[in-house]
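Colleague: Here's my sequence, what's the structure:
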Amino acid sequence: MRTRRTVVARRAAGHADWLARAVSEQPSPVDPDSGSRRPSLPVRVKGASGVSRRQLLGTAGATGMLLGGAAGVAGHAAAAPGNVTPLTALGSDRSPFHGTYQSGITSELQSRGHLLSFDLTAGAGRREAAALMRRWSATAARLMAGGPAGDGNTDVARDAGPSSLTVTFGFGHSFFDRTGLQHRRPRALDPLPDFSSDRLDKARSNGDLWVQIGANDALVAFNAMRVIQRNAGSAARVRWQMSGFNRSPGATARPMTARNLMGQIDGTRNPRPGDDSFGRSVFVPADGEPDWMANGSYVVVRRIRMLLDDWEKLSRGDQEKVIGRRKSDGAPLTGGTETTAMELEKTDADGNLVVPINAHARVSRPDYNQGATMVRRMFSYHDGHDEDGTPDAGMLFLCWQADPLRGFVPVQRHLDRGDALSQYIRHEASGLYAVPGGAADGEYVGQRLLEA
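Modeller: Below you'll find the model as predicted:
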């Protein structure tokens, strides 16, 4: 009858044979200079010229130790130059930095995002702002192309590709006072009016400079945020920062419009680049005013808290009446699919409107708001809980338009007066920023403003 020691020894011997075969069958690593394969190296132990089967057993001493050694060899083989797995499409996707428009405006929603506002420091003016925008633009161009972050970086994103990274820059109302450029401040950048649903935290609103960072990898997005913050140097300091997320690409069986934290499909009626009015609704014309904003856009940023505890007390039917669309697929309550036109006058058997008069989807329609059109982008956020357990969660809402006085302002005024959704949300932070057009090769964002 075999003793336990005999069984262990035989198992260990079997693993030793497997390990020897695994080492001998490893492909030779590729010589990076010649492209040819170098001879495989034998396994070495410090102080010995080689390892015999008996020595390996003696060194390991137990099956568990031997398995650990085998795993180490396998791990090394997976990382060897000849066995590198290429980046997936997700990691290798790139967004252009240089071009007519800045990236991050009409780009597909990314799975991770950071919004930051900076104030110029005391004594920093136009010259310092120009140097900062030059640094930031060079850094953004390098990172968006998948290049290195530069000296002093922690290399947190070293193993990843650009992952659809976008970095977008804008200027707030106060930026023009700080740089002595009041005479070049656009009329469209006038402060937004007050709305009755606002509960704004001034410390998390506005700011001289604004940066939007998005990527389909959390580490890539964080790395870009950290590098941009570090590049600010002594010229600017962070005023506020907010982070958000979306569903990851490929998480659904087919491409779908995003859902917000209320579970509703959000963004169905967004204008598309192919629409006739898209360009003039979203971007300042090439011959528009002021000239430095040609091909730029204006973004309204709102941190909108969702009162989820109250919302989740509603039945699905009541939630759908508040929105005016089915929760399952985003189709209007009058029937069809997500993109079917809403039948605004359709009534039920009792003569009531199928889509209530104060439903969010009805009240926010362009034809109910003097034709106001915006591109809405979003990131959901969750920043923990209040002391009573209420979730601090909601949406980082961004809307892009050629003129916020004709885009966001009339729509929000209408929503403020009669939107059924208003009692389930609260606007807690706000900002409006002028986002210049894209930079040509050799230029930086905002150069036409700062060096005119």
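Colleague: alpha carbons only for contacts and neighbour counts from here, please
Modeller: Will do.
Colleague: Strands of the stretch 251-400 of the chain, residue ranges please.
Modeller: According to DSSP state E, counting those that start in this stretch, the stretch 251-400 of the chain carries its strands in the segments 297-306, 375-385, 391-401.
Colleague: any idea which of those is most buried?
Modeller: The highest average neighbour count among those, using mean count of other CA atoms under 10 Å, belongs to strand 297-306 at a mean of 24.
Colleague: so which helix or strand takes in residue 416?
Modeller: Of the helices and strands defined by DSSP states H and E, residue 416 is found in helix 408-418.
Colleague: quick one: contacts of that helix?
Modeller: Taking CA atoms under 8 Å, 6 or more residues apart in numbering as the criterion, the residues outside helix 408-418 that touch it are 192-193, 195-197, 300, 358, 360, 363-364, 369-370, 372, 374, 399, 401, 422.
Colleague: coming back round to it: of all the strands of the stretch 251-400 of the chain, which lies closest to residue 236?
Modeller: Distances from residue 236 to each of those were compared by CA to CA, and the smallest falls on strand 297-306, at 20.2 Å.
Colleague: which other helices and strands contact the closest one?
Modeller: Using 3 or more CA pairs under 8 Å, 6 or more residues apart in numbering; DSSP states H and E as the contact definition, the elements that strand 297-306 packs against are strand 391-401, strand 425-435.
Colleague: I'd like those laid out as JSON lines, including distance to residue 231 and mean pLDDT.
Modeller: Listed next are the helices and strands packed on strand 297-306 as JSON lines, based on distance: least, CA to CA, whole Å; pLDDT from 0 to 100:
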{"stretch": "strand 391-401", "distance to residue 231": "25", "mean pLDDT": "98"}
{"stretch": "strand 425-435", "distance to residue 231": "20", "mean pLDDT": "98"}
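Colleague: any idea how far residue 100 is from residue 281?
Modeller: Here the distance between residue 281 and residue 100 works out to 16 Å (CA to CA, to the nearest Å).
Colleague: Please apply the same query to residue 243.
Modeller: Distance of residue 243 to residue 100, computed by CA to CA: 27 Å.
Colleague: More neighbours: these two, which one.
Modeller: Neighbours were tallied for residue 243 and for residue 100 using other CA atoms under 10 Å; the higher tally belongs to residue 243 (19 against 15).
Colleague: For that one, report the pLDDT, please.
Modeller: What the model reports for residue 243 is a pLDDT of 98.
Colleague: Flag the shaky bits of the stretch 251-400 of the chain, pLDDT-wise.
Modeller: Counting by pLDDT under 70, the stretch 251-400 of the chain contains no low-confidence segment.
Colleague: now could you export just the CA positions of stretch 249-266 as CSV?
Modeller: Provided in CSV are the C-alpha atoms of stretch 249-266 (Å, rounded to 0.1, in the frame of the first residue of the first chain):
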residue,chain,number,x,y,z
PRO,A,249,-18.9,49.5,-25.3
GLY,A,250,-19.8,46.0,-26.1
ALA,A,251,-21.9,45.4,-23.0
THR,A,252,-25.1,45.1,-25.0
ALA,A,253,-25.9,42.7,-27.8
ARG,A,254,-26.2,45.6,-30.2
PRO,A,255,-25.4,49.4,-30.0
MET,A,256,-28.1,51.2,-28.0
THR,A,257,-28.9,54.6,-26.8
ALA,A,258,-27.5,55.2,-23.2
ARG,A,259,-29.6,54.7,-20.1
ASN,A,260,-29.5,57.1,-17.1
LEU,A,261,-29.6,56.1,-13.5
MET,A,262,-33.4,56.3,-13.5
GLY,A,263,-33.3,53.4,-16.0
GLN,A,264,-34.6,55.5,-18.8
ILE,A,265,-33.2,55.6,-22.3
ASP,A,266,-31.7,59.0,-22.7
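Colleague: Which of the residues in it are classified as buried?
Modeller: Buried residues in stretch 249-266, counted by 16 or more other CA atoms under 10 Å: 258-262, 264-266.
Colleague: Can you tell me what sits against that stretch?
Modeller: 90, 110-111, 216, 246-247, 267-268, 306, 308, 311, 327, 329-330, 380, 393-395.
Colleague: residue ranges for the helices of the stretch 151-300 of the chain, please.
Modeller: Counting by DSSP state H, counting those that start in this stretch, the stretch 151-300 of the chain has helices at residues 173-178, 218-231, 278-282.
Colleague: Using CSV, lay out the helices and strands packed on strand 297-306 together with distance to residue 124.
Modeller: As requested, the helices and strands packed on strand 297-306 are exported to CSV (distance: least, CA to CA, whole Å):
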stretch, distance to residue 124
strand 391-401, 28
strand 425-435, 20
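Colleague: List just the one of these that sits closest to residue 181.
Modeller: Residue 181 lies closest to strand 425-435 among these, at 13.6 Å (CA to CA).
Colleague: The closest residue to residue 428 other than its chain neighbours: how many residues sit nearby?
Modeller: With CA to CA, 6 or more residues apart in numbering as the measure, residue 200 is the residue that lies nearest to residue 428, at 4.3 Å, once sequence neighbours are left out. Other residues near residue 200 number 18, with proximity taken as other CA under 10 Å.
Colleague: For residue 200, give me its contacts.
Modeller: Applying CA under 8 Å, 6+ apart, one finds that residue 200 lies in contact with 427-430.
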